[in-house]
Every structure is written in structure tokens, then in C-alpha cells.
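Student: Return a 3D structure for these sequence lines:
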Amino acid sequence: MNTTVTGSPDLNASAYYQADNQTLTVVLVNSSATPASVQLAVPPVPAGLLVFQTFTSSEGNYWQGSTVAVSGTQASVSVPGYGIVTLYGAGGALAPSISSQPRSQTVNACATVRFNVTANNPTASASEPGSPDSSRFYRVVLRP
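Tutor: As a prediction, the model looks like this:
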């Protein structure tokens, strides 16, 4: 994967995309004593990447783990002076987005209610076991 660093001659970056397991690894190296704030432009692959696991190494602190959220197509991370940050992220199925809301129903306590909704992402679903079309039904049980 091609990488470009702008605004800092002391920061180097490399990125590796592994198609078979939908992972992206980015390595940032800061050759300056001054910490660098990095705004990372996240590519469209892997799809569904929402968070990076990060591992930071600098003088006296090695392989310190954390996470960095992806916001839209951006992620922000700080690279310590003379430090290295490795970001590792895996794509996944996007969460379903409900496109039609269920209708309201009034029921007695302890009754089982079935709501029919439509979701935009058919690859991810919550389902009622054994329903004829398990990608479209959700089970809600009300208890007093």
C-alpha cells in the first residue's frame, strides 16, 4: 500500500493490507525528539474498520497497547519522540442500519411480540431463532 507523509520530514510511514484476512497494519516512525501528532487518512479497505489496536514503543516504554477510533475516514494518533507506533485494524461486517421502524403495539405483560423491520445491511443481523426469514425479525419479551 502506498503511503505519503506531509508536513513532517521526521516522520516515516508504511502500510500493509492483508486481503485474505481483511487487516490493515500501519507503522509510524518518528526520528525526531519532538512528539508528532498524526492525522491518518484511513483507506476504504478493509471495509468496516472502526478501531485500530495500537502498540507504541519509545525510550523506556515498549509495546504499550491502546486503541484509536476511526472517525469517518480519519484516525488521530500521537507518535512520541524517537518512537514507533504500530496500528492494526481488522475490517468486518458493517452493523445493520434499520431503514423502516416497527409499528407500536400494546400488549399484556409477559407477552411475546414480533416486530417486522427492514435493515440496510443484509450481511449482519439480529434474529429470532427459527424464524422463516431470520434477517428481518427481532424478538422482544416484556416482563413486569
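
Student: just the strands in this structure please.
Tutor: Here the chain has its strands, by DSSP state E, at 11-18, 23-30, 36-41, 51-58, 61-69, 74-79, 84-90, 98-100, 112-116, 118-119, 137-141.

Student: how far does stretch 58-73 sit from the chain's center?
Tutor: Taking CA atoms, centre = their mean, to the nearest Å, one finds the center of stretch 58-73 at 14 Å from the center of the full chain.

Student: what does stretch 78-87 give?
Tutor: 21 Å.

Student: residues of that stretch that come out buried?
Tutor: Across stretch 78-87, burial judged by 16 or more other CB atoms under 10 Å covers 79, 80, 82, 83, 84, 85, 86, 87. Bear in mind the C-beta positions are built from the backbone N, C-alpha and C, glycine included.

Student: of all those residues, which two lie farthest apart?
Tutor: Greatest spacing in these, by CB to CB: 82 and 87 (18.2 Å).
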